[in-house]
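A.B. asks: sequence first, predicted coordinates after that:
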Amino acid sequence: MKFLRTLGVIGLLGLALEASAQDNGLKIYISADMEGVVGAVTGEQLAPGGFEYERFRQFMTNEVNAAIDAARAAGATEFLVSDSHGNGQNLLIEELPDDVMVVRSWPRPLGMMEGIDETFDGVIFTGYHASTANTRGVRAHTMSSANITGLRLNDIEMTEGSMNAAIAGHFGVPVILVTGDDAAVAENQVIIGNIEGAVVKWSNGFHSATTLTPEAAYEEIRVRTNSAISRIEDFEPYVLDTPITLELSLKHYMPVETLAYLPNVEKVNSHTIRFIGEDMVEISRFLRVATGYSICLLYTSDAADE
């Protein structure tokens with residue numbers, strides 16, 4: 001019995017040491033989009049059915065792995081990855097490390113940041129793009145190029161990156177790195193602030209870029225990730241004053257008309273609604289409803305003709 005008790009104590013001690021080692025490591029959230037992936041310039045690379053889509057799923061996965069490898073080498077021990085593009089089922093999950101968890105498909109209350117919470121030390125955005133207000137970025141849009149023409153929080157024109165940074169900021173977690181084209185990196189750095197940027201291509205327009213080769217892009221991401229992790233204490237969460245005012249401009253009038261029937265939604269003009277949320281969680285949930293409803297209407301009514 002004494003021997004068994006000793007084994008039990010040793011086992012518990014081992015578990016405690018393992019937990020302590022885990023606690024001492026960094027926990028990193030990665031939100032992976034695709035328009036900003038190396039070489040991506042048109043829909044042929046970005047959606048099922050495109051003749052280059054399968055190759056670019058591989059590039060997207062490789063960029064995430066480059067960030068994970070560099071972050072792990074610099075001291076990170078735990079990762080959650082959000083497949084944040086299109087149908088949310090793009091990453092080749094069998095090629096990610098075995099200890100990585102992955103968020104897939106939609107809908108999700110926190111969208112591209114589902115699963116973020118106070119336990120994370122930093123956020124990395126891979127494959128990100130510029131906003132719909134940007135005149136330069138490759139495939140520049142905010143959430144939906146077919147549906148949304150503007151998204152402002154507290155009178156600030158948002159990128160997907162800055163909006164997701166504000167969700168992370170709600171939980172006190174800073175963004176430390178964004179990868180994508182030069183326009184996306186610059187725009188997000190202006191709004192979010194002092195974050196690392198890995199430029200993998202330079203925009204020539206909406207459907208054109210001068211790009212690194214894939215291996216060169218992965219190396220750039222590894223270098224910038226290492227730099228970000230090494231100075232992770234320098235980054236501050238991106239936090240918006242509350243309550244938060246959302247102004248959402250949509251391409252079609254019908255969802256604006258009908259969403260404004262809700263008591264907490266104001267119609268600003270024929271294509272814009274205003275909603276005031278207590279915090280970014282409430283804003284995110286409302287956006288899932290508003291954009292999901294808008295897309296449904298787009299395909300089930302004659303609003304698409306307006």
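C.D. replies: Received it, and whenever you're ready, just let me know what you need.

A.B. asks: can you pull out the strands in this structure?
C.D. replies: Using DSSP state E, the strands of the chain run over 26-32, 76-83, 101-103, 122-128, 148-153, 156-157, 175-181, 196-205, 208-211, 244-250, 265-269, 272-277.

A.B. asks: which positions within the third one qualify as buried?
C.D. replies: Buried residues in strand 101-103, defined by neighbour count with 16 or more other CB atoms under 10 Å: 102, 103. Just so you know, the C-beta spots here come from the backbone N, C-alpha and C atoms, and that holds for glycine as well.

A.B. asks: what mean pLDDT does it have?
C.D. replies: For strand 101-103, mean pLDDT is 98.

A.B. asks: got any ranges where the stretch 151-300 of the chain has weak pLDDT?
C.D. replies: The model of the stretch 151-300 of the chain has pLDDT under 70 over residues 295-300.

A.B. asks: swap the cut-off to 50 and go again
C.D. replies: Along the stretch 151-300 of the chain, the model assigns pLDDT under 50 to no residue.

A.B. asks: before we move on, the earlier item: now distance to residue 138 too, for the strands of the chain, in TSV please.
C.D. replies: Formatted as TSV, these follow (distance: least, CB to CB, whole Å):
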stretch	distance to residue 138
strand 26-32	16
strand 76-83	20
strand 101-103	25
strand 122-128	11
strand 148-153	18
strand 156-157	18
strand 175-181	5
strand 196-205	5
strand 208-211	5
strand 244-250	22
strand 265-269	30
strand 272-277	26
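
A.B. asks: closest one to residue 166 among the ones you listed?
C.D. replies: For the strands of the chain, proximity to residue 166 was assessed by CB to CB; strand 148-153 is nearest, at 6.6 Å.

A.B. asks: sheet partners, orientation included, of that closest one?
C.D. replies: Its sheet considered, strand 148-153 pairs with strand 156-157 (antiparallel), strand 244-250 (antiparallel) by DSSP bridges.

A.B. asks: for residue 85, find the nearest of those strands.
C.D. replies: For residue 85, the closest of the strands paired with strand 148-153 is strand 244-250, at 20.8 Å, according to CB to CB.

A.B. asks: how distant is the closest one from the center of its chain?
C.D. replies: Its chain's C-alpha centre and that of strand 244-250 lie 19 Å apart, by CA atoms, centre = their mean, to the nearest Å.

A.B. asks: quick one: contacts of that strand?
C.D. replies: Applying CB atoms under 8 Å, 6 or more residues apart in numbering, the external contacts of strand 244-250 come out as 147-155, 256, 268, 271-280, 282-283, 286-287, 290, 294.

A.B. asks: let's see that with 6 Å instead.
C.D. replies: Strand 244-250 is contacted from outside by 149-154, 256, 271-277, 283, 294, using CB atoms under 6 Å, 6 or more residues apart in numbering.

A.B. asks: how about these, which pair is most distant?
C.D. replies: When CB to CB is used, the two most widely separated members of the contacts of strand 244-250 are 154 and 294, lying 22.0 Å apart.

A.B. asks: between those two, which is the more surrounded one?
C.D. replies: residue 294 (23 against 14; other CB atoms under 10 Å).
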